[in-house]
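> what's the 3D shape of this:
(one chain, ligands or ions: 1)
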Amino acid sequence: MDLYSGYINRLIEELSALPGIGNKSAQRLAFYLVNQPEESVKRLANTMVEAKEKVRYCSCCCTLTDQEICPICSNPKRDHTTIMVVENSRDLAAYERTSKFNGVYHVLHGAISPMLGIGPSDIRLKELMQRLQGADVREVIIATNSSLEGETTAMYISKLIKPTGIKVTRIASGVPVGGDLEYIDEVTLLRALDGRVEL
Ligand code: ZN
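Okay, here's the model as predicted:
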């Protein structure tokens, strides 16, 4: 038996498909939305559509941006010879918040996971290797998470880069195992960066 109207049910269904939103939260959000003025609901919907249409990957580091080249990659004051490889744009944001890293980034948008069937070609690895060709890069810091997937990815990347002669380092494992970088405090992030070891 349907407790709510079909429209409400559909809205709850769509909302509960979002990450971190369970059925209860989805119901709460759905009722909140239908009780809001039409204008503000339209604004929210438009903002979502616009973000989807306008946001793209930086053609250099693959982070999410609304420009061809993101503000970090186009900043001449950043050290373009040091590239930190992260799993996603949220991890990039975590390191940016420390404002202690002056290099540039490369965002993989995932990690290799044989269990989930995610292989090297499913993440932005090819883009990284292309970027390294002919570029003046002195160090690649691999800052993937310390989960099994993150470690697998780190090993894979280091094997790929080693023959190029570019120095490859891995952030220290002060980061809790399985910990998402974005939830780790600034001090731990910096300690992990400072204590990086050559692979
Ligand atoms: Zn960029």
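> Buried by neighbour count: which residues of stretch 83-91 qualify?
Ile83, Met84, Val85, Val86, Glu87, Asn88, Ser89, Asp91 (16 or more other CB atoms under 10 Å). For the C-beta atoms, the positions are set from N, CA and C on the backbone; glycine is no exception.
> For the strand or helix carrying the last one, what is the distance to the chain centroid?
By that I understand Asp91. Asp91 belongs to helix 89-98 when assigned by DSSP states H and E. Chain-centre distance of helix 89-98: 9 Å, with CA atoms, centre = their mean, to the nearest Å.
> counting contacts, what elements does that helix pack onto?
Here helix 89-98 touches strand 79-86, strand 103-107, helix 186-194, going by 3 or more CB pairs under 8 Å, 6 or more residues apart in numbering; DSSP states H and E.
> Can you give the strand pairings for the first one, parallel or anti for each?
Taking DSSP bridges as the criterion, strand 79-86 pairs within the sheet with strand 103-107 (parallel), strand 139-142 (parallel).
> State the mean pLDDT of whatever helix or strand comes next after the first one.
This means strand 103-107. Beyond strand 103-107 on the C-terminal side, the first helix or strand identified by DSSP H and E is helix 125-132. Averaged over helix 125-132, pLDDT sits at 95.
> Only alpha carbons, please: show helix 125-132 as CSV.
Below are the C-alpha coordinates for helix 125-132, written out as CSV (Å, rounded to 0.1, in the frame of the first residue of the first chain):
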residue,chain,number,x,y,z
LEU,A,125,45.8,7.3,-14.7
LYS,A,126,46.4,7.6,-18.4
GLU,A,127,46.0,11.3,-18.1
LEU,A,128,48.7,11.4,-15.4
MET,A,129,51.2,9.4,-17.5
GLN,A,130,50.5,11.7,-20.5
ARG,A,131,51.1,14.7,-18.3
LEU,A,132,54.4,13.4,-17.1
